[in-house]
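> Give the three-dimensional model of this entry:
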Amino acid sequence: MRLHYTQSEVVDRVEDLKHELAREALLAHGIKDGIEIASLADLPAGTGLGSSSCYLVGLLNSIRAYRGKPAHFEDLAAEACRIELDVLKKPIGKQDQYMAAAGGVTELRIKPDGDVSVARIALPDYAIGEFTANAHLYYTNVQRTTTDILGEQMKSLRAGQGAVEENLLKIRDIGYKIGDAIRAGDFDRFGTLTHEHWLAKKELSPNVTISEAERLYEHVRTEYGVLGGKIAGAGGGGFLMLYCPQKEGRRLTDFMEEQGMARLSYRAEFEGSRVITNVMSSRGVPLHVPALPAV
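From the prediction side, this is the model:
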């Protein structure tokens, strides 16, 4: 068995793979030898854009296509959540897996028992274009481990620290308001709500932010018309999202590039994880290549 990612592994048994997501995905489908898997990514891991869950969802989709057992995107996401949360015991949420599987402008409502409901938000193309033009992503050049940051928050919550629970509930309520703003096409309102969200999130742990990003954030809010922003994902590094109306967008991009933080170009992907190519292996077995959603 061969597995290629940022490293290469050659093992006799799937159980010996060090890449835990690939190992558990293959074991879940009874594939133990005689396969070679390669993955390529545009973005490094640990940057807050859900790359680990995208990898797992894409791999599961590929394995299911290879085995002739396709699944609905919600079942695919649920399977990825089971591997990451139940098998590997990662202290993470379910949003990355569902968004990777579903794609599009999608609202998730996750109940305390873990049940997930998925709702599509229908917006015209021009509104999607406006949103992606105004919601900038900049790489901070810092990578971090999500599980360390979220693990600390979970420990505080289990210890009964009321401030953590209070801020989580505040973040939930802000999320409802963000959903209403996006449905209404009021993206500037989304920007100001993102600022409120970031202030609440920083109360969860001092590790969600980094000093350089904080200084930049305050500066661009004052000087470049930024209405709100946050460090993507669990925080602590990765990508900095800044919401800036278009009239100030070029100035902001130029300034951030001067700081060594390049802007990430992205688009909306409405199909989520999907199989786009069928090829034949040397054994005549159909192989399927899954497409991962764009950021």
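
> going forward, measure contacts between C-alpha atoms and count neighbours the same way
Will do.

> And the helices in the chain, which stretches?
20-28, 51-66, 73-81, 95-102, 125-134, 146-158, 162-183, 187-202, 211-223, 246-258 (DSSP state H).

> Pull the number of nearby residues for Ala78.
Per other CA atoms under 10 Å, the neighbour tally for Ala78 reads 19.

> for it, what are its contacts?
Residues in contact with Ala78, defined by CA atoms under 8 Å, 6 or more residues apart in numbering, are Gln97, Tyr98.

> most centrally placed residue in this protein?
Nearest to the mean C-alpha position of the chain, by CA atoms, centre = their mean, lies Gly50 at 2.5 Å.

> Wait, it touches Ala232, no?
No. Between Gly50 and Ala232 there is no contact under CA atoms under 8 Å: 9.2 Å.

> shaky segments in the stretch 1-150 of the chain?
144-150 (pLDDT under 70).

> if we go to 90?
Low-confidence segments of the stretch 1-150 of the chain (pLDDT under 90): 1, 6, 32-35, 40-51, 66-68, 91-93, 112, 140-150.

> ok so, going back, can you tell me which of the helices of the chain is most buried?
helix 95-102 (a mean of 25; mean count of other CA atoms under 10 Å).

> mind exporting that one as PDB, just the C-alpha atoms?
The C-alpha coordinates for helix 95-102 follow below in PDB (Å, rounded to 0.1, in the frame of the first residue of the first chain):
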ATOM      1  CA  GLN A  95     -19.100  22.300  10.400                       C
ATOM      2  CA  ASP A  96     -16.100  21.600   8.200                       C
ATOM      3  CA  GLN A  97     -17.200  18.100   7.200                       C
ATOM      4  CA  TYR A  98     -20.700  19.200   6.200                       C
ATOM      5  CA  MET A  99     -19.500  22.300   4.300                       C
ATOM      6  CA  ALA A 100     -16.900  20.200   2.400                       C
ATOM      7  CA  ALA A 101     -19.500  17.700   1.500                       C
ATOM      8  CA  ALA A 102     -22.400  20.100   0.700                       C
END
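
> Can you get me the start-to-end distance on stretch 69-83?
Criterion CA to CA, to the nearest Å; first-to-last residue distance in stretch 69-83 is 18 Å.

> per-residue pLDDT, the closest residue in space to Tyr138 that isn't next to it in sequence?
Spatial nearest neighbour of Tyr138, excluding adjacent residues (CA to CA, 6 or more residues apart in numbering): Arg263 at 4.5 Å. Arg263 is assigned a predicted lDDT (pLDDT) of 94.

> for Pro290, same thing?
56.

> How about Val275?
84.

> how many neighbours does it have?
Neighbours of Val275 (other CA under 10 Å): 17.

> and it, bridged to which residues?
Using DSSP bridges, the bridge partners assigned to Val275 are Pro290.

> I figured Leu3 hits Gly34, correct?
No. Judged on CA under 8 Å, Leu3 makes no contact with Gly34 at a distance of 11.1 Å.

> of these two, who's got more company?
Leu3 (21 against 10).

> residues contacting the more buried one?
Shown in contact with Leu3 (CA under 8 Å, 6+ apart): Glu9, Val10, Glu36, Ile37, Ala38.

> I'd like those laid out as JSON lines, including neighbour count.
Compiled in JSON lines, the contacts of Leu3 are given as follows (neighbours: other CA atoms under 10 Å):
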{"residue": "Glu9", "neighbour count": "15"}
{"residue": "Val10", "neighbour count": "13"}
{"residue": "Glu36", "neighbour count": "11"}
{"residue": "Ile37", "neighbour count": "14"}
{"residue": "Ala38", "neighbour count": "11"}
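
> show me what contacts the nearest residue to Ile182 once chain neighbours are set aside?
Among residues not flanking Ile182 along the chain, Phe190 sits closest, at 6.8 Å (CA to CA, 6+ apart). Contacts for Phe190 (CA under 8 Å, 6+ apart) come out as Ile178, Ala181, Ile182.
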